[in-house]
Each structure stands twice: as C-alpha cells, then as structure tokens.
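Trainee: Whatever this is, show me its structure:
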Amino acid sequence: KMISLLNLKNLEILSLGRNMIKKIAGLDEVGATLRELWISYNLIATLDGLNACVKLRVLFISNNMVKNFDELDKLQSLPLENLLLKGNPL
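Mentor: Numbers count the residues shown, from 1 in each chain. Have a look, this model is predicted:
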C-alpha cells in the first residue's frame, strides 16, 4: 500500500521502488508538483492513478506486471519526456 503524501505539498521526485506496491494510489495530494515517479520493481498491473500528476515528466515503472498495451493509453494526457517500461510482460 502506498503511504499518505498529504503533508508533502511541494514534492517533486518520489521513489517507491521495491515496495511490493500493487496499485498506484494517493498521488492526488502531490499531483500538482510531482515531476518524477520512480516506481519500478513492484507488482503494478494497471496505470490508473496517474491522471492527477499534471507535471509528470519522468515515469520509471520497469519490472512490474503491466501486460496490456491498452494501459499505455492512460498516459496520453501526461507531459512525459522519459518513460521506462522494461521488464513488464507487454
């Protein structure tokens, strides 16, 4: 489970790799400022929960469980410059 980020209003880079996270959640609290999300080596299968991250430029989500190419459609509204998906069963 992801931790509460309520008090981190100016957070720009968040690293949550290797935490057995199954679902991306709770990013609404930092969506206005978050620029980089490093969330590799978890158990994430869907890319839900990222739409609030309006400034997200870097998403490292390698070695998770994303296996459906349709999940990538959920990233279209994000201003991503760097996306790492290596190690997912796509």
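Trainee: gap between stretch 69-79 and the chain center?
Mentor: Averaged C-alpha coordinates place stretch 69-79 at 11 Å from its chain's average position (CA atoms, centre = their mean, to the nearest Å).
Trainee: list the buried ones in that stretch?
Mentor: 71, 75, 78 (16 or more other CB atoms under 10 Å). C-beta here means a position set from N, CA and C on the backbone, and glycine is covered the same way.
Trainee: The first one should be in a helix, yeah?
Mentor: Yes: the secondary structure assignment for Glu71 places it in a helix, going by DSSP: H, G, I helix; E, B strand; the rest coil.
Trainee: how far away is it from Leu59?
Mentor: 12 Å (CB to CB, to the nearest Å).
Trainee: So what does the spatially most central residue of the chain look like in phi/psi?
Mentor: The structure's the chain has its C-alpha centroid closest to Leu37; by CA atoms, centre = their mean the separation is 5.4 Å. Listed backbone geometry of Leu37 is phi -130, psi 120, with angles given as degrees, to the nearest 10.
Trainee: Please write out the alpha-carbon positions of stretch 42-54 in PDB.
Mentor: Output for stretch 42-54, consisting of C-alpha atoms alone and laid out as PDB, is shown next (Å, rounded to 0.1, in the frame of the first residue of the first chain):
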ATOM      1  CA  ASN A  42       6.700  -3.600  -7.700                       C
ATOM      2  CA  LEU A  43       3.500  -5.600  -8.600                       C
ATOM      3  CA  ILE A  44       1.600  -2.900 -10.500                       C
ATOM      4  CA  ALA A  45      -0.600  -4.200 -13.400                       C
ATOM      5  CA  THR A  46      -2.500  -1.000 -14.300                       C
ATOM      6  CA  LEU A  47      -1.600   2.600 -14.800                       C
ATOM      7  CA  ASP A  48      -4.600   4.000 -13.100                       C
ATOM      8  CA  GLY A  49      -4.000   6.700 -10.500                       C
ATOM      9  CA  LEU A  50      -1.600   8.900 -12.500                       C
ATOM     10  CA  ASN A  51      -4.000  11.300 -14.100                       C
ATOM     11  CA  ALA A  52      -3.600  13.900 -11.200                       C
ATOM     12  CA  CYS A  53       0.100  14.200 -12.000                       C
ATOM     13  CA  VAL A  54      -0.200  17.100 -14.400                       C
END
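Trainee: Many thanks, I have nothing further to ask.
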